[in-house]
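1. give me the fold of what follows.
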Amino acid sequence: MNQVLRHAEAALRRHPAPALHLQELLGLVRASSDERTLDAPLLRTLLEAHPERFRLLDPWQGPWRLSGVGADPGERSGDPWVVMVTDPGDQDLAGPRPAARLRESVRWIARGVDPRARRDLIRWHTLVLAERGAREILARRAA
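-> Got it, this is the predicted structure:
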């Protein structure tokens, strides 16, 4: 497997979130590798070439993509989510156990999402956003 993909997989394994925006993942891959010329279109192409390891889910596909209607201010409306769909193996992520279970549930659900079905994508997108909020609350309670 390509070295860039190894770094992407390692970043997704270490990150407490079940999915990352492509730009977030790009920043993590650049920080951990020597690939300074790597850009988002190339990373996307590499990830899409390995659907057995990664899923790219884009809830903003369609004509509303450019309008930004309904987008969260902090949300990257043109950026797809990247999910690792292989078994994460033994992880020892910091944080409470319910957060890790929630992370893996959202990640596992992504395996069954049809990327062409807007309703499925929007439901999964809602789960990802809810998981981020719940993880923050669980982290505060654990501290």
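2. am I right that residue 55 is in a helix?
-> No: Residue 55: not assigned to a helix; according to DSSP: H, G, I helix; E, B strand; the rest coil it is strand.
3. and it, what's its pLDDT?
-> Confidence at residue 55, expressed as pLDDT, is 94.
4. wait, it sits on residue 110?
-> Yes: shown here, residue 55 and residue 110 form a contact pair, counting by Cβ atoms under 8 Å, at 5.6 Å. (C-beta placed from N, C-alpha, C; glycine too.)
5. common neighbours of the two, please.
-> Shared contacts of residue 55 and residue 110, defined by Cβ atoms under 8 Å, 6 or more residues apart in numbering, comprise 83, 85.
6. how about the helices in the chain?
-> Taking DSSP state H, the helices of the chain run over residues 3-14, 22-32, 40-48, 97-110, 118-142.
7. of all those, which lies closest to residue 86?
-> Counting by Cβ to Cβ, residue 86 lies closest to helix 3-14 out of these; the figure is 7.8 Å.
8. hmm, back to that, with distance to residue 78 and mean neighbour count added, can I get the helices of the chain in TSV?
-> Below are the helices of the chain laid out as TSV (distance: least, Cβ to Cβ, whole Å; neighbours: other Cβ atoms under 10 Å):
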stretch	distance to residue 78	mean neighbour count
helix 3-14	19	18
helix 22-32	9	18
helix 40-48	10	16
helix 97-110	19	17
helix 118-142	14	14
